[in-house]
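Asks: Have a look at this fold, sequence not included:
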DNA sequence: GTCTATATGCGGATAGAC
DNA sequence: GTCTATCCGCATATAGAC
């Protein structure tokens, strides 16, 4: 079994059981209390390990944050690219990317909070690595808007500004979403798909 | 000069110079690094005081957070109420509240980040106190939407959902705004006033 | 790969002089 | 109201046995 530290870019399925438990415990804690308010003892005990057990699988607490942030960004980007590619028109593409992105921020609100709000706690190197993924995400939205303007389906005053406002609606879902509420992630996705189209027509 | 601890609800102008400097230093630090990553020594030194100097003016680090959060929430609420009251129609009211709320989240992005993202770090009692202000803010937006639906100016499928999406656009400004960017807070306000209207018509 | 034990430093808050 | 000095607990991370 390869360790996280020796193969930082490998896929999820090569992680040991303990590493997976640590990442889940860290995701819960970072999302609930924030990176700095979370102790490595919290994470270790929730994963069923002693405090020292963390360092067999991850180089540091920040490394744990980085792995979560990177995987979260990659998942979000992959979903957006797939949704945009599968659509038959800019209108359907925008509806689809807003729906999947919003739904993802609800369903995976713990990782989404880490992605959106714990970014600043990465080291400079790790922040740089993740920044590339963030730019890819922005590009997907901007490209859909540009295509819709070209086809005449959309009326948009400023593409970058509108792309940012669309992303804001979806990103902010991670801030207010609570699994206790009645709205389902699917319903949130449908709603935001429609609201996104209103913003461009 | 009355201390902060003996009169927690008094207005800003009765604060001593040192208390004001402490709140400014705390606002900078909390917004830049988050509540838990900020040390009382950071705050004190940036305010020109020794570590012990903080406790003459505030009961604890959390008390400092609470004062900032409460004043920020009150300022935001007062602005929204004034903007909604001054407007001659639901259409103008919505444009105005979206403009002032977005502009505020840019201009005062440090306090806005504390208001929106450090909420969870308040004690249960303080969180409860601020929750009332948050509900007032939500009500302003919902009332404008309800009035616009009644007058026929707006076509809204679901008032609470749409109110939340509108607030999300403005709130998220505090996350991405950076004083280095070229967009001015005023321009952001104008843009979001227009985008808000698109969402309801 | 997991443990117990611990090194080491830092952080919130207080004591008490001035 | 501000300081210096300090208490006390906690947090990250490591050492070294098994």
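Replies: Alright, I've got the coordinates. Just so you know, these numbers come straight off a predicted model, no measurement behind them. Numbers count the residues shown, from 1 in each chain, chains lettered A, B, ... in the order given.

Asks: ok, and for the longest helix that chain A contains, which residues are buried?
Replies: In chain A, ranked by residue count with DSSP state H as the criterion, the top helix is helix A:124-151. Within helix A:124-151, the residues that qualify as buried are A:126, A:129-130, A:133-134, A:136-137, A:139-142, A:144-149, counting by 16 or more other Cβ atoms under 10 Å in any protein chain shown. All C-beta spots, glycine's among them, are computed from the backbone N, C-alpha and C.

Asks: And for stretch A:171-183?
Replies: Buried-residue list, stretch A:171-183, by 16+ other Cβ under 10 Å: A:171, A:172, A:173, A:174, A:175, A:177, A:183.

Asks: Identify all contacting residues around that stretch.
Replies: A:102, A:105-106, A:109, A:112-113, A:115-117, A:185, A:188, A:192, B:116-117, B:161, B:164, B:167-169, B:171-172, B:175 (Cβ atoms under 8 Å, 6 or more residues apart in numbering or on different chains).

Asks: still on that earlier bit, return the member of the buried residues of stretch A:171-183 nearest to chain B.
Replies: residue A:172 (3.5 Å; Cβ to the nearest Cβ).

Asks: how close does the closest residue to that closest one other than its chain neighbours sit to residue A:26?
Replies: Nearest in space to residue A:172, with sequence neighbours left out and distances taken as Cβ to Cβ, 6 or more residues apart in numbering or on different chains, is residue B:168 at 3.5 Å. With distances taken as Cβ to Cβ, to the nearest Å, residue B:168 is found 27 Å from residue A:26.

Asks: Give me the more crowded residue out of the two.
Replies: Ranked by neighbour count (other Cβ atoms under 10 Å in any protein chain shown), residue B:168 and residue A:26 place residue A:26 first, with 27 against 20.

Asks: Report the contact partners of the more buried one.
Replies: With Cβ under 8 Å, 6+ apart, residue A:26 has these contacts: A:38, A:43, A:64, A:65, A:68.

Asks: any idea which helix or strand carries the third one?
Replies: The reference is to residue A:64. In this structure, residue A:64 is located in helix A:61-86 according to DSSP states H and E.

Asks: Then the first one?
Replies: Counting by DSSP H and E, no helix or strand carries residue A:38.

Asks: How many residues are close by it?
Replies: For residue A:38, using other Cβ under 10 Å, the count is 22.

Asks: okay, the residue nearest to residue A:172: pLDDT?
Replies: The model reports residue B:168 with a pLDDT of 98.

Asks: What residues of the host helix or strand of it count as buried?
Replies: Assigned by DSSP H and E, residue B:168 falls within helix B:159-171. Neighbour-count burial for helix B:159-171 flags B:159, B:161, B:162, B:163, B:164, B:165, B:166, B:167, B:168, B:169, B:170, B:171 (criterion: 16+ other Cβ under 10 Å).

Asks: give the contact list for the second one.
Replies: Translated: residue B:161. Residues counted as contacts of residue B:161 (Cβ under 8 Å, 6+ apart) are A:183, A:191.

Asks: 6 Å - rerun?
Replies: residue A:191 (Cβ atoms under 6 Å, 6 or more residues apart in numbering or on different chains).

Asks: mind checking how far it is from DNA strand C?
Replies: Taking Cβ to the nearest atom of the strand, to the nearest Å as the measure, residue B:161 falls 39 Å from DNA strand C.

Asks: now the residue in chain A sticking out farthest from the centre: how far from residue A:117?
Replies: Taking Cα atoms, centre = their mean as the measure, the residue most remote from the mean C-alpha position of chain A is residue A:152, 30.9 Å away. Per Cβ to Cβ, residue A:152 is found 38 Å from residue A:117.

Asks: that older thread, the helix holding residue A:64 - contacts with which helices or strands?
Replies: With contacts defined as 3 or more Cβ pairs under 6 Å, 6 or more residues apart in numbering or on different chains; DSSP states H and E, the packing partners of helix A:61-86 are helix A:90-107, helix A:109-117, helix A:124-151.
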